[in-house]
Every structure is written in C-alpha cells, then in structure tokens.
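Undergrad: Provide a 3D model corresponding to the input given below.
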Amino acid sequence: MKIAVMMVGNQISPHFGGSEKVCIYTIENGNVVAKEYFDMPEHRAGLFAKFIKEKGADVVIAGSIGERARYIFDTLGIKYFIGVLGDPDEAVEKLLKGQLKSNEALANEIHEREEGLNRHTHRHSHQHHHNGK
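TA: So this is what the prediction gives:
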C-alpha cells in the first residue's frame, strides 16, 4: 500500500491544490518501509490527482480536497482522509492503527477560507446559528 501525504513545509498541506510536495509512504505488513518526497508539478486542474495516481498511491491525506480532485480519486478508487493537519508521520501512524478519520467540518472550513483568500470580493454564503435564548 502507498499513502500520499500532501505537504507544505514539513506539515500536512491545508489545501490539496496548494501543496508544495507530497510524501509517498510505502507500507508493507502494517509498517512504513519507505518515504519518498516529490515536488508537485505546476498546479493545473486535475494534474495533482493524476500525479498522485502515477506515484501509485492508494490513500491521500490532506487538509482539504477540491471537488474535481475528489471526483478523480473516487473514480480511480483512491481513498482520501481530509480535515487532517499537523505532522505527516503521526497521521500515517494513526491511519495504520485504524484511528485516522476525516473531519469534513474542518475540511470545509479550510476550503472556505482558501476560497475567500483567492477571491477579491467574497460574500459569506454560510449561515450562523445561535443556540442562545
């Protein structure tokens, strides 16, 4: 099995499309036997997902993944864990122990923030609910 962890610096990348590099962990018998780092190609629609596929990844870990990349991974049968941030090695350890879970709420928050940063004028489309009386 191969796990692709999207990275910025030495941390998990908050946004799949904003990744600087990917670390491919090769897993055998539940243990990491190799780690390889690759610089990401120039970011064009769908290219990162294809690049990950070419590296033989079965699983992808990132803070958030856009709709197009999700669609490509779903089509290719590549699993992904999103809403995961922090140390790549820790995330992979959790995954191997069956403890890693996607955090959709965090992933959506990251994605919204990224969208906001990439848009000069941005309107909030989400609603705030207050539970107070």
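Undergrad: average pLDDT for stretch 89-103?
TA: Mean per-residue pLDDT for stretch 89-103: 97.
Undergrad: same question but for stretch 37-45, I mixed them up
TA: The average pLDDT within stretch 37-45 is 86.
Undergrad: how far does that stretch sit from the chain's center?
TA: Distance of stretch 37-45 from the chain centroid (CA atoms, centre = their mean, to the nearest Å) equals 14 Å.
Undergrad: buried set for that stretch?
TA: Within stretch 37-45, the residues scored as buried using 16 or more other CB atoms under 10 Å are Met40. Just so you know, the C-beta spots here come from the backbone N, C-alpha and C atoms, and that holds for glycine as well.
Undergrad: Residues contacting stretch 43-61, please?
TA: Here stretch 43-61 makes contact (CB atoms under 8 Å, 6 or more residues apart in numbering) with 1-6, 12, 16-19, 22, 24, 38, 40-41, 68-69, 72-73, 76, 78-81, 84, 88, 91-92, 95, 100.
Undergrad: next one: stretch 74-90
TA: So stretch 74-90 is contacted by 5, 7, 10-12, 14, 23, 49, 52-53, 57-65, 70, 73, 91, 95, 100-107, 110 (CB under 8 Å, 6+ apart).
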